[in-house]
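Participant: no sequence on this one, just coordinates:
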């Protein structure tokens, strides 16, 4: 291997378990600064969103608790959630900031193009 991994673990019996493709939620926040400029430039080219997506982002923006809602969904649907952990407070704040930024972008698109 050329570098260390964050997504390969051993079971108590020694088997290797591949957790995700390193694009997972928590790892994504660790490497976000490296990719942020690409995200921003791509977002600037996009002004088409599903109504349900825009509505749900508006709700997450208003609630100021995107991480809490994600945690509730995660705990309800992932049997290994207690062992796997969740976002740190810093990452939860980043998630809310990104949600807010996307909501603002959608509002700017609506102002520019209507609907």
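Facilitator: Nice, thanks for sending it over. Small disclaimer: the values here were computed from a predicted structure and weren't measured.
Participant: the closest residue to residue 68 other than its chain neighbours: what's it in contact with?
Facilitator: Leaving aside its sequence neighbours, residue 68 sits nearest to residue 92 (C-beta to C-beta, 6 or more residues apart in numbering; 8.0 Å). (C-beta placed from N, C-alpha, C; glycine too.) Contacts of residue 92 were listed using C-beta atoms under 8 Å, 6 or more residues apart in numbering, and they are 66-68.
Participant: residue 61 too?
Facilitator: 99-100, 103.
Participant: what do you get if the cut-off is 10 Å, keeping everything else the same?
Facilitator: Contacts of residue 61 were listed using C-beta atoms under 10 Å, 6 or more residues apart in numbering, and they are 96, 99-104, 106-107.
Participant: output those residues as JSON lines; include the columns neighbour count, secondary structure and distance to residue 57.
Facilitator: Formatted as JSON lines, the contacts of residue 61 follow (neighbours: other C-beta atoms under 10 Å; DSSP: H, G, I helix; E, B strand; the rest coil; distance: C-beta to C-beta, whole Å):
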{"residue": "96", "neighbour count": "18", "secondary structure": "helix", "distance to residue 57": "12"}
{"residue": "99", "neighbour count": "22", "secondary structure": "helix", "distance to residue 57": "6"}
{"residue": "100", "neighbour count": "15", "secondary structure": "helix", "distance to residue 57": "9"}
{"residue": "101", "neighbour count": "14", "secondary structure": "helix", "distance to residue 57": "10"}
{"residue": "102", "neighbour count": "18", "secondary structure": "helix", "distance to residue 57": "6"}
{"residue": "103", "neighbour count": "18", "secondary structure": "helix", "distance to residue 57": "5"}
{"residue": "104", "neighbour count": "12", "secondary structure": "helix", "distance to residue 57": "10"}
{"residue": "106", "neighbour count": "19", "secondary structure": "helix", "distance to residue 57": "6"}
{"residue": "107", "neighbour count": "14", "secondary structure": "helix", "distance to residue 57": "10"}
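Participant: thanks a lot, see you next time.
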